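Undergrad: Compute the structure for the input listed below.
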Amino acid sequence: MGKIGLFYGSSTGNTEFVAYQMKEEFDRRDPSLVDIHNIGSSTPEQVLGYNYLIFGIPTWNTGQLQDDWEIFLPKLAGRDMKGKRVAIFGLGDQNGYGFNFLDAVGMLADAVMADGAQLWGLWKTSNYEFEESRAQVEDHFLGLGIDQDGQADATPARLQEWINQIAGEFGV
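TA: Numbers count the residues shown, from 1 in each chain. Just a heads-up that it's a prediction; the model follows:
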């Protein structure tokens, strides 16, 4: 079993694509470091088996959780996540949905922190153009923001920088 569990939910395939890009980047460092899982076929026990977690979630429709995460989160609610280090990346469309850009990241962060997890991987909001976000705290998002619709060309560099950041924060 790897040191980091990477769990993603994806309805259109974009979040899955980014999750696998992230896995490939980690594999360049150490192929045994990250295990990747679709949250739709995962159990709370699988998630809780890791001390280091990366969660990937798109903001769906107008500021809603992706379906698989919406089904999974109640199963995880109330479980002890103390000592778990969680980093979140989220996909959104800042141009089409600028009033709820990355809202699902904020909802997911709230849920895991309510169960005692520590949140890592905060990301600067600079270089994004949006109106509001539940994922925003001052000048940071509660995780990495990816916009495959409006800024796909920025994704590889953002992934590289964020992976370096959380690898350091996780101490791996």
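
Undergrad: Quickly list what His37 is bridged to.
TA: Phe7 (DSSP bridges).

Undergrad: What's the local residue count around it?
TA: 16 (other CB atoms under 10 Å). No exception for glycine: its C-beta is placed from N, CA and C like everyone else's.

Undergrad: and what of Asn127?
TA: 9.

Undergrad: And the pLDDT at the closest residue to it other than its chain neighbours?
TA: Distance criterion CB to CB, 6 or more residues apart in numbering; nearest residue to Asn127, sequence neighbours excluded, is Ala154 at 7.3 Å. Ala154 carries a pLDDT value of 96.

Undergrad: hang on, Ala154 in a strand?
TA: No: going by DSSP: H, G, I helix; E, B strand; the rest coil, the assignment for Ala154 is helix, not a strand.

Undergrad: any idea how far Tyr128 is from it?
TA: Using CB to CB, to the nearest Å, Ala154 is found at 9 Å from Tyr128.

Undergrad: show me where the chain has strands.
TA: In the chain, the strands defined using DSSP state E lie at 4-8, 34-38, 52-58, 85-91, 118-120, 123-124, 136-137, 140-141, 144-146.
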